[in-house]
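**Student:** Got a sequence here, can you model it:
(one chain, ligands or ions: 3)
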Amino acid sequence: MHSIFARINNTSALLSSCMMALLAAIALSSLVFTAKPQGNVSIASVQVYSGNTRRYATKRQDLAFVDFNITADFTPLFNWNTKQIFIYLQAEYNSTLGVKNEAVIWDRIVRRKEEAHVNVVGKNKYNFRDLSASFKTAPPASYSLQYNIMPYVGALTWGEAARTSEPVAFPPRKARV
Ligand SMILES: *[C@@H]1O[C@H](CO)[C@@H](O)[C@H](O)[C@H]1NC(C)=O
Ligand SMILES: *[C@@H]1O[C@H](CO)[C@@H](O)[C@H](O)[C@H]1NC(C)=O
Ligand SMILES: *[C@@H]1O[C@H](CO)[C@@H](O)[C@H](O)[C@H]1NC(C)=O
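**Tutor:** Ligands and ions are numbered 1, 2, ... in the order given. Okay, here's the model as predicted:
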């Protein structure tokens with residue numbers, strides 16, 4: 001009896017170590033691909049409106065609206081270990097307080113290689129506001145297209161596919177229409 005149990009135990013231990021080794025090999029092999037996606041980000045316009053968000057009725061909060069054009073090819077990132085890729089457009093600027101602000105204004109999940117050519121002319125999907133409630137003193141912002149690869153096995157990896165060539169200034173605030 002004992003020896004049968006011991007044998008089953010040994011076999012399953014061996015199987016699970018084989019499995020671990022296989023998964024490690026898959027995770028490592030996909031690291032060999034250091035493909036870099038290439039893309040372009042351009043900002044057609046930025047507008048700032050004063051908004052009274054209902055939730056903070058007493059506080060005036062500026063909202064920025066960004067019209068952008070993204071073209072990027074993420075197909076090189078698809079291999080046997082790519083489950084999906086999370087891509088997002090991020091606005092970055094150093095506030096006057098010296099704090100680095102990063103705001104995600106648009107995102108998308110790419111699940112298949114066939115969808116990996118991304119050409120989007122659009123507007124921010126998420127509210128874009130400054131912590132100080134106003135963009136008046138905010139310096140020009142850079143916009144970058146970032147990605148996060150979710151593999152079947154292994155660790156997440158991050159990268160950058162494109163960035164605006166020049167930072168884009170925030171214009172003066174307009175009244176809400
Ligand atoms: C990005 O722009 C450059 C020059 O404007 C062009 O050569 C390149 O093909 C563009 N890349 C994509 C993915 O559109
Ligand atoms: C978006 O950018 C691409 C290349 O970077 C360009 O070919 C295309 O015409 C642009 N679209 C608009 C609407 O500006
Ligand atoms: C913010 O400051 C850091 C260093 O202080 C600099 O490397 C970075 O380029 C700045 N970012 C922007 C968007 O100006």
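
**Student:** Contacts for stretch 76-86, please.
**Tutor:** Applying C-beta atoms under 8 Å, 6 or more residues apart in numbering, the external contacts of stretch 76-86 come out as 26-27, 29-30, 33, 35-37, 74, 107-113, 116, 147-154. Quick note: C-beta positions are derived from backbone N, CA and C, even for glycine.

**Student:** how does it look with 7 Å?
**Tutor:** For stretch 76-86, contacts defined as C-beta atoms under 7 Å, 6 or more residues apart in numbering pick out 26, 30, 33, 35, 37, 74, 107, 109-111, 113, 116, 147-154.

**Student:** For the residue lying closest to residue 42 once chain neighbours are set aside, give me phi and psi.
**Tutor:** Leaving aside its chain neighbours, residue 42 sits nearest to residue 69 (4.8 Å; criterion: C-beta to C-beta, 6 or more residues apart in numbering). Torsion angles at residue 69 (phi, psi; degrees, to the nearest 10) stand at phi -140, psi 120.

**Student:** so how many other residues sit close to residue 69?
**Tutor:** Using other C-beta atoms under 10 Å, residue 69 has 13 other residues around it.

**Student:** again with residue 149
**Tutor:** 23.

**Student:** circling back to that earlier point, could you tell me which residues make contact with the residue nearest to residue 42?
**Tutor:** By C-beta under 7 Å, 6+ apart, the neighbours of residue 69 are 42, 44, 121.

**Student:** pLDDT weak spots in this protein?
**Tutor:** Low-confidence segments of the chain, defined by pLDDT under 70: 1-2, 30-34, 52-59, 176-177.

**Student:** Can you name the residue of it nearest to ligand 3?
**Tutor:** Closest to ligand 3 within the chain is residue 94: 3.7 Å, counting by C-beta to the nearest ligand atom.

**Student:** hmm, back to that, what subset of the contacts of stretch 76-86 is buried?
**Tutor:** With neighbours counted by 16 or more other C-beta atoms under 10 Å, the contacts of stretch 76-86 contain buried members at 30, 37, 74, 110, 116, 147, 149-151, 153-154.

**Student:** can you tell me which two in those are farthest apart?
**Tutor:** Maximum pairwise distance in those, criterion C-beta to C-beta, is 21.1 Å, between 37 and 153.

**Student:** Wait, a helix at residue 170?
**Tutor:** No. Secondary structure of residue 170 (DSSP: H, G, I helix; E, B strand; the rest coil): coil, not part of a helix.
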